[in-house]
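the following block contains a protein sequence and its predicted model.
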Amino acid sequence: MTIAPWSFSKIKAFEQCPKQFYHMKILKQYEEKETEAMLYGTHFHSAAEEYIKNCAPMPGRFDYAVGVLDSLQAKQGKKLCEYRLGLTSELEPCGFSDKDVWFRGIADLIILNDDLAWVVDYKTGKSARYADKGQLELMALATFKHFPEVNEVRAGLLFVVSKNLIRDTYYRDDEAKLWEKWLTNYSKMESAAANDVWNPRPSGLCRRHCAVTECAHNGRN
C-alpha cells in the first residue's frame, strides 16, 4: 500500500481522521464532489493567473481582488504562476509527474528576485480565522529545493475577499528543523499504511460531513 506522493492536504486529511483518509484517499471508495465554493476557487485561480501572466482583465465578479493582485504584480522579479513543485524521497527536486515523485505542491504564485522569493497562496474563503501556515512552510521548503539561489522565502496566505494576508518568513538555514517536523508527520501516515491500521478520530464533523457511513461514529448511523 502506497501513500506517496503526499501533499499538505493529504497530511491534514490524515490528521483529521485516519479512517476517513483511508476510505477517501487510499481506497477512493467515495467520490469527492466539487462544491460551489471549490468551483469558485478554481475559477478565481485561473483568472488571477491570466491577470498576472498576461495582464488579462479580471472578470467582473473578481473585481474586489484587483488591488491586491496589482500589489503583487508591482513586485520586482520573475513571476511563476500555478507553479508545480515535486520532490523525491531524498528531497531532491523533480517533475510533478515523475515516477519517483514523493511530495507534490502547487504554488499559486512565486516571485523570484535574486536570493529572495515571495510565495503566495490565494484563499477565497471569507475569513482568515482558521488559516493554517503549515502550507506555507511546505511551499517554502519545496521552493528552497527547486531554486538553490533562494535563501529567504516570504510566504503568505492571501485571503482575497477579506484582504487579509497571513504571512511568515522562512530561511534556508532552518530547513533541517522544519523538515524534521514534516517527516515526523509523514512517518505517522506511513506507519498506518505499513500496519494497515486506520483508527477513527471522532469529531463534530462526523455527524453531517463524513461520507464513510460504515464508521460507527458517522452521524447517519
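Received it, and whenever you're ready, just let me know what you need.

quick one: the strands in the protein?
In the chain, the strands defined using DSSP state E lie at 78-87, 93-94, 103-113, 116-123, 152-159, 164-171.

buried sites along the longest one?
Using 16 or more other Cβ atoms under 10 Å as the test for burial, strand 103-113 gives F103, R104, G105, A107, D108, L109, I110, I111, L112. All C-beta atoms are positioned from the backbone trio N, CA, C, and that covers glycine.

ok, longest helix in this structure?
helix 175-195 (DSSP state H).

so that helix versus strand 103-113, what angle?
Counting by axes from the mean of the first three to the mean of the last three Cα atoms, to 10 degrees, helix 175-195 lies at 160 degrees to strand 103-113.

ok, back up a step: mind giving me TSV with the buried residues of strand 103-113 and columns for distance to W182?
Shown next, in TSV, are the buried residues of strand 103-113 (distance: Cβ to Cβ, whole Å):
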residue	distance to W182
F103	9
R104	13
G105	11
A107	16
D108	20
L109	22
I110	19
I111	24
L112	23
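
can you tell me which of the strands of the chain is nearest to E36?
Closest to E36 of the strands of the chain is strand 116-123 (Cβ to Cβ; 16.0 Å).

the closest one pairs with which strands, and in what direction?
strand 103-113 (antiparallel), strand 152-159 (parallel) (DSSP bridges).

output these as a markdown table; include the columns distance to D70 and mean pLDDT.
What follows is the strands paired with strand 116-123, written out as a markdown table (distance: least, Cβ to Cβ, whole Å; pLDDT from 0 to 100):
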| stretch | distance to D70 | mean pLDDT |
| --- | --- | --- |
| strand 103-113 | 13 | 97 |
| strand 152-159 | 13 | 94 |
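
next, the buried residues of stretch 9-19.
K10, I11, A13, F14, C17, P18, K19.

mind checking how far the nearest residue in space to N199 that is not next to it in sequence is from W198?
Among residues not flanking N199 along the chain, P18 sits closest, at 5.5 Å (Cβ to Cβ, 6 or more residues apart in numbering). Applying Cβ to Cβ, to the nearest Å, the value for P18 to W198 is 4 Å.

flag the shaky bits of this structure, pLDDT-wise.
Residue ranges of the chain with pLDDT under 70: 1, 30-34, 220-221.

out of the buried residues of strand 103-113, flag the one nearest to Y186.
Nearest to Y186 among the buried residues of strand 103-113, with distances taken as Cβ to Cβ, is F103, at 8.5 Å.
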